[in-house]
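Asks: pasting the sequence and the predicted model now:
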Amino acid sequence: MMDLLHSGLAALQQRLSFVATDPIDWKSFVQFSSWIVTLFESYLLVRQYPLYSKTSPPKVLEKYFDEEVFRKSQNYGKDKAKFSLVTGLLKQILDSTLIYCGFYAWAWDSAGKIIGYFGYESEYEITQSLAFSAILFVASSIPSIPISAYATFVLEEKHGFNKTTPSLFVSDLLKGWILAFVIGGPFLSAFLYVFKWAGDRFVLWLMAFLLLFQITMVIIYPTLIQPLFNKLSPLPDGELRTRTEALASKLKFPLKHLYEIDGSKRSSHSNAYFFGLPWSKHIVIFDTLIKESKPAEVEAVLAHELGHWYHLHPTKLLCISQVHIFTILALFPAFLHAPQFLRSFDFSDKVAAHPPTIVAFLLFQMILTPLEAFVGIGLNFISRRFEWEADRFACELQDRLKDVEMKDMGDRLGRALIALHVKNLSTVWVDWLYSAYHHSHPTLVERLKAMEGFRARKDVRIKKEL
């Protein structure tokens, strides 16, 4: 089986041999394709923007949005759209400028000089790759800081969501940088080591390494990383805890810990989620959600989340991601062994003759930009199907558990979703193409209509049984 797989990968590389032989201007290709994607995303914003001028919500939501709340929601959407349009174009201009000026070749040469200062020569590729990555990290962080600060202290503040103080903003920034070096450095070193060690048969070994890393992060994130940014406290005894534990028990959900997180420390947005290993799960509920919703409605939101677990959506998404990773790694060798590929981006003949793995992989990711845009649409489509499936799971809990107390779970979920949209000033008028490209969840109107359909089909089935 393994030999057959490697034979197939070798045949694929043969078909991609043109990468190393044909005189392709890869720099121009990246510039052109990345601008196409950026302009398409800008076009989607232009399609979406007029919907923020509507003066009333969809009919199905009219009784839940008063005039003032809807006006605030529309203004919030307008400001976010303008911010996204400007920052998207600025980011693209910066990226194009860096590529045009040969920044990546300069960064690699500078990394070589840095390690040379400490007595390391160019044969220490992993060491130079770490220095190269640090230069790119700093270069990308500098312009992102004012953008992030504006989003937090101007945009979110204007609409009443920001709870982050300047000191907390700086603290989060520094913690993020430290984590990037503490985790990112060893990860990159191990990634490149496995790549070099495995040779031409690196695809499956790297996939195994990446899967192991993902599992490790699932284990250490709640215990080591999350507490650096938020406080997780056991959910106090009361109606919500009783409802949640009873629901988990009935569904045989392996609940180990039930937490309340201080999301209000940074924002007034609300959410709930679960994470953990298959035999040990943790549920986390934002304190804002607890304050703004009734326990019965929070229970409905959690029923939806447990629907994801019941239908194995995280596992299915993990499998899909593995296919995605396999495809990327299978295509990569053709670009790794193509000196002219690096020369297109202003790398010297000496560097291009033996392409550094990290450099070739970074440039290869740029080549995939238009393809990844289409992949994103496909992943959104799958995610949206999973959301509908989880909604249906919540709506049909009464039949699944034979529990009359679950009869109105669909109604409760609908009320909870509406309340979340109202409190978060979420957009309720959404262009279909904009939504398909950007949204991993169906719109509120789509979800309410789907839940109404679930109930209608259930009523028809009951009538037939009678």
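Replies: It's in.

Asks: where does this structure dip in pLDDT?
Replies: Counting by pLDDT under 70, the chain has low-confidence residues at 1-3, 268, 459-466.

Asks: show me the strands in it, by range?
Replies: 232-234, 255-261, 272-277, 280-286 (DSSP state E).

Asks: what's the closest of those strands to Pro442?
Replies: strand 272-277 (17.8 Å; CB to CB). Quick note: C-beta positions are derived from backbone N, CA and C, even for glycine.

Asks: direction included, what does the closest one pair up with?
Replies: Sheet partners assigned to strand 272-277 using DSSP bridges are listed as strand 280-286 (antiparallel).

Asks: what's the angle from the partner strand to strand 255-261?
Replies: Per axes from the mean of the first three to the mean of the last three CA atoms, to 10 degrees, the angle that strand 280-286 makes with strand 255-261 is 20 degrees.

Asks: pull the residues that contact strand 280-286.
Replies: With CB atoms under 8 Å, 6 or more residues apart in numbering as the test, strand 280-286 has contacts from 222, 232, 235, 240, 244, 248, 253-261, 263-264, 269-276, 298, 302, 305, 309.

Asks: dump the residue contacts of Leu448.
Replies: 60-61, 414, 417-418.

Asks: from those, pick the one nearest Leu173.
Replies: Leu417 (32.9 Å).

Asks: pull the contacting residues for the closest one.
Replies: 301, 444, 447-448.

Asks: how near is it to Glu239?
Replies: Going from Leu417 to Glu239 by CB to CB, to the nearest Å gives 20 Å.

Asks: pull the number of nearby residues for the closest residue in space to Gln214 that isn't next to it in sequence.
Replies: Leaving aside its chain neighbours, Gln214 sits nearest to Leu318 (7.5 Å; criterion: CB to CB, 6 or more residues apart in numbering). As a burial measure, Leu318 scores 13 neighbours (other CB atoms under 10 Å).

Asks: on that earlier part again, which of the strands of the chain sits most buried?
Replies: Mean neighbour count (mean count of other CB atoms under 10 Å) peaks for strand 280-286 among those, with a mean of 20.

Asks: dump that one to PDB, keeping only the CA atoms.
Replies: Only the C-alpha atoms of strand 280-286 are listed here, as PDB (Å, rounded to 0.1, in the frame of the first residue of the first chain):
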ATOM      1  CA  SER A 280     -12.900  13.800  28.100                       C
ATOM      2  CA  LYS A 281     -14.800  16.900  27.000                       C
ATOM      3  CA  HIS A 282     -15.100  20.400  28.400                       C
ATOM      4  CA  ILE A 283     -17.900  22.900  27.900                       C
ATOM      5  CA  VAL A 284     -17.200  26.600  28.100                       C
ATOM      6  CA  ILE A 285     -20.000  29.200  28.300                       C
ATOM      7  CA  PHE A 286     -19.300  32.900  28.100                       C
END
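
Asks: can you offset everything so residue one is 57?
Replies: I'll keep to 57 as the first residue from here, and by that count the last item is strand 336-342.

Asks: pretty sure Ala506 is touching Thr499, no?
Replies: No. The criterion here is CB atoms under 8 Å, and Ala506 misses it with Thr499 at 10.4 Å.

Asks: related to what we said a few turns ago, as a markdown table, the strands of the chain with distance to Ala161 would be great.
Replies: Below are the strands of the chain laid out as a markdown table (distance: least, CB to CB, whole Å):
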| stretch | distance to Ala161 |
| --- | --- |
| strand 288-290 | 45 |
| strand 311-317 | 44 |
| strand 328-333 | 41 |
| strand 336-342 | 44 |
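
Asks: what's the closest of those to Asp165?
Replies: Proximity of these to Asp165 was assessed by CB to CB; the nearest stretch is strand 328-333, lying at 41.9 Å.

Asks: C-alpha coordinates for that closest one, PDB please?
Replies: Taking Å, rounded to 0.1, in the frame of the first residue of the first chain, the C-alpha atoms of strand 328-333 are listed here in PDB:
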ATOM      1  CA  ALA A 328     -20.400  28.800  23.900                       C
ATOM      2  CA  TYR A 329     -18.300  25.900  22.800                       C
ATOM      3  CA  PHE A 330     -16.800  22.500  23.800                       C
ATOM      4  CA  PHE A 331     -13.400  21.000  23.300                       C
ATOM      5  CA  GLY A 332     -11.300  18.100  24.500                       C
ATOM      6  CA  LEU A 333     -10.300  14.500  23.600                       C
END
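
Asks: contacting residues around that strand?
Replies: 271, 274-275, 277-278, 310, 312, 337-342, 345, 354, 357-358, 361-362, 364-365.

Asks: show me where the stretch 407-522 of the chain has its helices.
Replies: Under the criterion DSSP state H, counting those that start in this stretch, helices of the stretch 407-522 of the chain are mapped to 413-423, 425-451, 453-457, 465-479, 488-494, 500-521.

Asks: just those helices: most buried one?
Replies: helix 465-479 (a mean of 21).

Asks: the inter-axis angle of it versus strand 328-333?
Replies: Using the same axes, to 10 degrees: helix 465-479 against strand 328-333 is 110 degrees.

Asks: alpha carbons of helix 465-479, as PDB, please.
Replies: C-alpha atoms of helix 465-479 as PDB (Å, rounded to 0.1, in the frame of the first residue of the first chain):
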ATOM      1  CA  MET A 465     -36.100  22.900  22.300                       C
ATOM      2  CA  GLY A 466     -36.300  24.100  18.700                       C
ATOM      3  CA  ASP A 467     -38.300  27.200  19.900                       C
ATOM      4  CA  ARG A 468     -35.800  27.900  22.600                       C
ATOM      5  CA  LEU A 469     -32.900  27.600  20.200                       C
ATOM      6  CA  GLY A 470     -34.600  30.000  17.800                       C
ATOM      7  CA  ARG A 471     -35.100  32.500  20.600                       C
ATOM      8  CA  ALA A 472     -31.500  32.100  21.700                       C
ATOM      9  CA  LEU A 473     -30.100  32.600  18.200                       C
ATOM     10  CA  ILE A 474     -32.300  35.700  17.800                       C
ATOM     11  CA  ALA A 475     -31.100  37.100  21.200                       C
ATOM     12  CA  LEU A 476     -27.500  36.500  20.300                       C
ATOM     13  CA  HIS A 477     -27.900  38.400  17.000                       C
ATOM     14  CA  VAL A 478     -29.700  41.200  18.700                       C
ATOM     15  CA  LYS A 479     -27.100  41.500  21.500                       C
END
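
Asks: ok now it, how far from the chain's centre?
Replies: Using CA atoms, centre = their mean, to the nearest Å, the mean C-alpha position of helix 465-479 is found 24 Å from that of the whole chain.

Asks: check contacts around Pro113.
Replies: Per CB under 8 Å, 6+ apart, neighbours of Pro113: 120-121, 126, 484-485.

Asks: want to throw these into a markdown table with distance to Val102?
Replies: Formatted as a markdown table, these follow (distance: CB to CB, whole Å):
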| residue | distance to Val102 |
| --- | --- |
| Tyr120 | 29 |
| Phe121 | 25 |
| Phe126 | 22 |
| Val484 | 19 |
| Trp485 | 15 |
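
Asks: so which of those is the most crowded?
Replies: Most surrounded of the contacts of Pro113: other CB under 10 Å gives Val484, at 23 neighbours.

Asks: near Leu224, how many other residues are there?
Replies: Neighbour tally, Leu224, other CB under 10 Å: 14.
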